[in-house]
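Novice: model this:
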Amino acid sequence: MSLDPHGNVHTVESDEEFETLILTAEETPVIVDFYADWCGPCKQIAPLFTELSVKHSNAIFLRTSAEKHGVRAMPTFLVFLRGQKAQEMKGANPEGLRSFIQQATSGQIITEPSNKSESITPTQPTPTPSTTPSAAPSIQPTPSAKPAHSFKYFPNNSYTYFETGKTDQIVDKLIELNNKYNGTQDNRSLSESEKKILKEISTVLKNTSQYHVSKITRTQVNVFSKMLLWQPEDRFPALDLLRLLILHPDASQLFAEQGHLDLLSLLHQKELPWQSHTMVLRFVCNSFKFTSLRQSVTSQLDSILVAIDSLKSHEKEQVRLPAVTVLFNFSIYFHQEKGQASQKKKVIERLLNKLSAEKDEETQLRTVVSLGELLSDPSDSTFLCAEVWKDKALASNLASFAPATPKVTEALKELQLIFTGTLPRKPEEKKAAPVQTETPSAFPSMPNIPGIGANPRLMQALQNPSTMAKLQQMMSNPMAISQFRDDPEIGQLIELINSMMLNR
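Specialist: Next up is the predicted model:
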């Protein structure tokens with residue numbers, strides 16, 4: 001990244017750097033000029049963009065390649081707020097650019113709330129008002145990407161983080177606890193310089209709007225190694241500060257480079273106080289914020305799931321909620337990464353395990369939304385739904401689940417639509433004409449799947465009147481399927497479907 005010597009415009013080359021700047025700006029508007037070296041209008045408007053970057057110091061100004069980001073109309077200017085696209089302008093109109101940037105920096109932009117908080121919200125977009133003068137170039141809110149089907153709660157597409165914390169109080173507590181280890185021979189006591197480092201870290205973490213320019217060093221990260229050797233009951237504040245630390249891009253990158261498997265191993269330590277388990281789970285949730293650390297965490301899926309097997313049913317809701325949130329973030333990740341049916345199935349099993357015993361509203365809602373996220377991808381929805389039906393314990397947990405609130409009930413009804421295959425269509429979507437070589441299927445969640453016509457055994461099973469009657473009964477009440485669990489006709493049909501899906 002380089003800085004224009006005549007203004008405050010940063011030229012960004014790498015995708016990782018661009019993503020980091022957008023995500024860490026928080027409430028600070030990020031105004032991006034998408035340019036090309038050969039674009040004449042881009043060169044004409046560039047000096048004004050630089051001039052305005054000096055005048056409007058309450059925003060971050062970036063310049064990056066239009067071609068690299070798939071922007072075809074040049075020049076194009078975009079405003080990002082809270083990590084989301086908020087407003088767009090095309091063209092090299094000087095007065096229009098002045099008006100556009102004035103609006104962006106004066107707090108007039110309203111964006112859809114991002115799901116970084118600790119509660120799940122519906123995914124419907126919030127309209128953004130336009131105050132564009134008629135003479136100026138077109139300035140319109142950038143529409144949010146619409147899901148394949150018009151569900152309200154999924155796909156969600158936004159990871160959930162635990163971001164709030166009082167860093168000064170945490171550091172004070174760490175310094176107080178350190179007194180217990182003064183004079184010990186095992187090198188667990190913090191030196192005066194290390195105490196100073198903790199205070200420096202607190203100062204950086206409090207100023208989230210400056211994460212794009214502030215720094216976290218390896219020396220600062222390494223100071224935690226001593227505190228993680230303290231007695232189990234004393235580690236909680238250090239873990240609390242660590243889960244906030246990795247929300248800084250520098251710290252996230254450092255953890256990705258040197259690994260943090262030792263920290264994740266704390267999830268398996270049963271003697272650890274529940275408060276510490278909570279913070280390690282929050283650490284895992286926050287690890288999804290940046291690409292590099294996200295890849296590191298997702299590579300440890302199996303180990304994390306083993307720990308969650310016990311923590312998800314913990315007596316403390318403060319442990320169960322972040323445990324489910326870890327699964328929620330995995331569901332977002334695997335929904336975006338195609339071809340992950342086997343990994344999705346592992347997460348689904350944990351979500352459904354002991355689901356019927358959960359009574360907390362937010363934990364229930366996050367569980368149902370996670371299931372919808374994992375099951376709503378058309379590429380493997382049929383296979384995964386069939387796998388749930390085939391497992392007696394999982395199906396029983398789903399059938400006996402009692403929603404705590406109308407909000408959870410609403411989300412559950414959307415999940416039922418996935419199981420029945422009656423997916424709602426977008427208003428503009430028209431039903432495609434049937435293909436003569438394929439046979440429409442009545443199997444829940446599997447309408448018109450390519451390949452059925454080439455599978456004689458499956459076609460024969462679907463034409464069996466007895467089988468069809470049972471399927472229709474299951475479709476009318478998808479949660480009450482236990483009576484068909486051992487039915488040989490239904491069992492054969494599920495096996496045929498699984499075989500076809502696995503061989504596609």
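
Novice: now the strands: where do they sit in the stretch 51-200 of the chain?
Specialist: For the stretch 51-200 of the chain, the strands defined by DSSP state E, counting those that start in this stretch cover 60-65, 76-81, 84-90, 139-140.

Novice: could I get the average pLDDT for the longest one?
Specialist: Translated: strand 84-90. For strand 84-90, mean pLDDT is 85.

Novice: start and end of stretch 285-294, how far apart?
Specialist: Stretch 285-294 stretches 9 Å from its first residue to its last (Cα to Cα, to the nearest Å).

Novice: pull out the buried positions in it.
Specialist: Of all the residues in stretch 285-294, those buried under the rule 16 or more other Cβ atoms under 10 Å are 285, 286, 287, 288, 289, 290, 292, 293, 294. No exception for glycine: its C-beta is placed from N, CA and C like everyone else's.

Novice: can you check stretch 377-396 too?
Specialist: Residues of stretch 377-396 classed as buried: 377, 380-391, 394-396 (neighbour count, 16+ other Cβ under 10 Å).

Novice: cool, and stretch 232-242?
Specialist: Quick answer for stretch 232-242 (16+ other Cβ under 10 Å): 234, 235, 236, 237, 238, 239, 240, 241, 242.

Novice: tabulate those residues (CSV), appending secondary structure.
Specialist: Output for the buried residues of stretch 232-242, formatted as CSV (DSSP: H, G, I helix; E, B strand; the rest coil):
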residue, secondary structure
234, helix
235, coil
236, helix
237, helix
238, helix
239, helix
240, helix
241, helix
242, helix
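
Novice: tell me the one among these nearest to residue 327.
Specialist: Among these, residue 239 lies closest to residue 327 (Cβ to Cβ), at 19.9 Å.

Novice: which ones are touching the closest one?
Specialist: 228, 266, 276, 279, 280, 283 (Cβ atoms under 8 Å, 6 or more residues apart in numbering).

Novice: any of these buried? List them.
Specialist: Applying 16+ other Cβ under 10 Å to these, the neighbour count classes 266, 276, 279, 280, 283 as buried.

Novice: give me the nearest residue to the first one, chain neighbours excluded.
Specialist: Setting aside the residues directly before and after it, residue 266 is nearest to residue 280 in space (Cβ to Cβ, 6 or more residues apart in numbering), at 5.0 Å.

Novice: state the distance from that neighbour to residue 248.
Specialist: Going from residue 280 to residue 248 by Cβ to Cβ, to the nearest Å gives 18 Å.

Novice: with residue 63 instead?
Specialist: Residue 63 is 24 Å from residue 248, by Cβ to Cβ.

Novice: now swap in residue 304 and tell me
Specialist: Relative to residue 248, and taking Cβ to Cβ, residue 304 is found at 22 Å.

Novice: cool, and residue 265?
Specialist: Relative to residue 248, residue 265 is positioned 23 Å away (Cβ to Cβ).

Novice: as PDB, could you dump the C-alpha coordinates of stretch 389-398?
Specialist: Only the C-alpha atoms of stretch 389-398 are listed here, as PDB (Å, rounded to 0.1, in the frame of the first residue of the first chain):
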ATOM      1  CA  TRP A 389     -34.000 -38.500   7.800                       C
ATOM      2  CA  LYS A 390     -32.000 -41.700   7.700                       C
ATOM      3  CA  ASP A 391     -30.500 -41.000  11.200                       C
ATOM      4  CA  LYS A 392     -33.200 -41.900  13.800                       C
ATOM      5  CA  ALA A 393     -31.600 -39.800  16.600                       C
ATOM      6  CA  LEU A 394     -31.100 -36.700  14.500                       C
ATOM      7  CA  ALA A 395     -34.700 -36.900  13.000                       C
ATOM      8  CA  SER A 396     -36.100 -37.500  16.500                       C
ATOM      9  CA  ASN A 397     -34.300 -34.400  17.900                       C
ATOM     10  CA  LEU A 398     -35.700 -32.300  15.100                       C
END
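
Novice: average model confidence for that stretch?
Specialist: On average, stretch 389-398 scores 80.

Novice: sort the contacts of residue 239 by pLDDT and name the bottom one.
Specialist: When the contacts of residue 239 are compared on pLDDT, residue 266 comes out least confident, at 84.

Novice: so, low pLDDT: which residues of the stretch 301-450 of the chain?
Specialist: Within the stretch 301-450 of the chain, the ranges that satisfy pLDDT under 70 run 420-450.

Novice: if you set the cut-off to 50 instead, what comes out?
Specialist: For the stretch 301-450 of the chain, residues meeting the criterion pLDDT under 50 lie at 422-450.

Novice: can you pull out the helices in it?
Specialist: 301-311, 317-336, 341-352, 361-375, 381-390, 392-399, 406-420 (DSSP state H, counting those that start in this stretch).

Novice: same question for the stretch 151-300 of the chain.
Specialist: Ranges of helices within the stretch 151-300 of the chain are 167-178, 192-206, 218-222, 224-227, 236-245, 249-258, 261-264, 274-286, 291-298, based on DSSP H, counting those that start in this stretch.

Novice: turn those into TSV, including distance to residue 340.
Specialist: TSV is the format used below for these (distance: least, Cβ to Cβ, whole Å):
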stretch	distance to residue 340
helix 167-178	36
helix 192-206	33
helix 218-222	31
helix 224-227	32
helix 236-245	26
helix 249-258	21
helix 261-264	20
helix 274-286	18
helix 291-298	10
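
Novice: in terms of mean pLDDT, which of these ranks lowest?
Specialist: Among the helices of the stretch 151-300 of the chain, helix 261-264 scores lowest, at a mean of 69.

Novice: for residue 29, see how far away the closest residue in space to residue 77 that isn't next to it in sequence is.
Specialist: In space, and not counting its chain neighbours, residue 77 is closest to residue 89: 4.5 Å by Cβ to Cβ, 6+ apart. The gap separating residue 89 from residue 29 is 13 Å, by Cβ to Cβ.

Novice: can you put the buried residues of stretch 232-242 in CSV and add distance to residue 47?
Specialist: Formatted as CSV, these follow (distance: Cβ to Cβ, whole Å):
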residue, distance to residue 47
234, 57
235, 54
236, 53
237, 50
238, 49
239, 49
240, 47
241, 44
242, 45
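
Novice: what's the closest of those to residue 311?
Specialist: Set against residue 311, the nearest of the buried residues of stretch 232-242 by Cβ to Cβ is residue 239 (14.4 Å).

Novice: now that closest one. Nearest residue, chain neighbours left out?
Specialist: Residue 239 sits nearest to residue 279 (Cβ to Cβ, 6+ apart), 3.7 Å away.

Novice: how close does residue 391 get to residue 398?
Specialist: Computed as Cβ to Cβ, the residue 391 to residue 398 distance reads 10 Å.
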